[in-house]
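K.L.:
Got a predicted structure plus its sequence, pasted below:
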Amino acid sequence: MTNEEKKRRGLLPRGLAGLIGFSTAVAAAWIFYSRRYIDHHAKVKGVLKGEEGFYESPTAGKIHFIADTAGSGRPVLVVHGIHLAAGLHDVAPIFQAFVSHRPVYVLDLPGFGGSQQGDRPYRPSMYQAAIADFIREKIGAPADVVVMGLTSEFAALAALAEPDLFHSLTMINPTGFQMPQSTLWDKPNVQTLEDILYTLVAVPLWSLPLFDLLVNRPRLHRYYRRRFEYSVPDELVSIAWASAHQPGAHFAPLVYLCGKLYTLNVREKVYENLSVPVLVIYDNEPGLHFDMLPYTVHTHSNWKAKRIRRSRGMPHFDRPGEFFRALDDFFKEVEKSKA
C-alpha cells in the first residue's frame, strides 16, 4: 500500500468523526435553543365567541369546547382534523355559520388546542370516546356531526359503535379512501414500524426540540398554503402556532406523526359498515387519495359525495358558498328521509 493510499484511508474515519461531531454539536445547540428561547407558554388569542367550557370525558379527559345554543333545531357538532398544530381554529367558519341558527358546538380533541394535553396513550379509541362521550353527555341529543381529515376515522368508529348519537355525518377530505395496501403491510408489520419510530422520536431529551423544529411559523404557513387555493389568513397561522406551543402540546402530534392514530383498512372495516347518512366533501388535498370513494358511494345508498373544485383542503374557507350549500342540501335531504 502506497503512502497516498494510506493517507486517503486515514482521512475517511477522521472525516466521518468530524461530521458526527459537527452534527452532534448542531443538535445540542438546537436542543438548548428550544428549551431556553422558544416560548412554550404562548398566549392563545380567542378564536371564536360563544360559551367556552370544559367537559370531563371519563375516557378522554378534559375536553375544551365552545358552544352557541341560541339557535333552535337539531344540534351541530364540528370537530377539526389532525395535524401537528391542529385545533378548533381550523373549523371556525363552520361554527360561525350556525351561530344563532342552530345549537352548535366545536371542540378541541385530546392533546390539541385547549383540551387536556401531556404524555398520554393517544389512540383512535380515545378520540372515538371523546366524540361519543361529548354528544351523549354534553349535547344530549343526536347531532349532525361535521369533521375533517383523520378525525373522520374517529367519528366513523363512534358512529359504528353508537349510531343513535349521529343524525348524520359529514366528512371533509377524509382519510382512508386510497387504493388497498399491499399484503406486505399487514397490521403487525405496520404497528412494529410505528412503535420503533415513536420510540425514537419520543425520547424526552429531543422530543420537544424536534417538535419545535417541525412546527415553526414558516413551516406552518407552508402547510396551510398547500391546502388553500387562495391566500392563507395570517391570523390562522398565528393561532395555530400559539396553540401548539403550550406545555405538553407536542405529545399527541408526535404520536400522529408516527402513524399511530390511523385505523388500518378503515374503509372496509368501518366506513362501509356505517348505517348513518354520510356526506363526503372533497378536493385535491395534498397527501390524500380518493380512489375508492366512488366505489363506496356506488355500493352504499347512505353515502353521498360532493367535490368542490379549487378548494383543496379548506373548502369552508376557500369556497364557503358551495360548501354550505352542499351541507344545507344534505341536511335537508336527511331530515326528509327520516320524516
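P.N.:
That came through, no problem.
K.L.:
Leaving out chain neighbours, which residue sits closest to Lys45?
P.N.:
Once flanking residues are discounted, Lys45 sits nearest to Ile239: 5.8 Å by Cβ to Cβ, 6 or more residues apart in numbering. Glycine gets a C-beta too; all of them are placed from N, C-alpha and C.
K.L.:
Now for the one you found: which residues touch it?
P.N.:
Val44, Lys45, Val47, Gly87, His89 (Cβ atoms under 8 Å, 6 or more residues apart in numbering).
K.L.:
Looking at Ala202 now. What's its pLDDT?
P.N.:
We have a pLDDT of 86 for Ala202.
K.L.:
Also Leu19?
P.N.:
68.
K.L.:
Kindly report the same for Gly46.
P.N.:
Reported pLDDT for Gly46: 79.
K.L.:
Report how many residues lie close to it.
P.N.:
Using other Cβ atoms under 10 Å, Gly46 has 9 neighbouring residues.
K.L.:
what about it, is that helix, strand or coil?
P.N.:
coil (DSSP: H, G, I helix; E, B strand; the rest coil).
K.L.:
Quick check: it vs Asn216, distance?
P.N.:
Distance, Gly46 to Asn216, using Cβ to Cβ, to the nearest Å: 23 Å.
K.L.:
Gln96 in helix, strand or coil?
P.N.:
Under the three-state scheme (three-state DSSP), Gln96 adopts helix.
K.L.:
show me the contacts for it.
P.N.:
When contacts are counted by Cβ under 8 Å, 6+ apart, Gln96 touches Leu48.
K.L.:
Likewise for the one 5 residues further on?
P.N.:
The neighbours of His101, taking Cβ under 8 Å, 6+ apart as the test, are Gly71, Gly73.
K.L.:
residues near the closest residue to Tyr198 other than its chain neighbours, how many?
P.N.:
Excluding the flanking residues, the one nearest Tyr198 by Cβ to Cβ, 6+ apart is Cys258, at 4.2 Å. By other Cβ under 10 Å, 18 other residues sit near Cys258.
K.L.:
likewise Arg222?
P.N.:
Neighbours of Arg222 (other Cβ under 10 Å): 11.
K.L.:
Repeat that for the one 5 residues further on.
P.N.:
Residues within reach of Arg227, counting by other Cβ under 10 Å, total 22.
K.L.:
How about the secondary structure of it?
P.N.:
Going by three-state DSSP: Arg227 is coil.
K.L.:
what comes up buried for the helix or strand containing Asp329?
P.N.:
Using DSSP states H and E, Asp329 maps to helix 320-338. Within helix 320-338, the residues scored as buried using 16 or more other Cβ atoms under 10 Å are Pro320, Glu322, Phe323, Phe324, Ala326, Leu327, Phe330, Phe331, Val334.
K.L.:
now, among those, which is nearest to Ser231?
P.N.:
Checking the buried residues of helix 320-338 against Ser231 with Cβ to Cβ, the nearest one is Pro320 at 14.5 Å.
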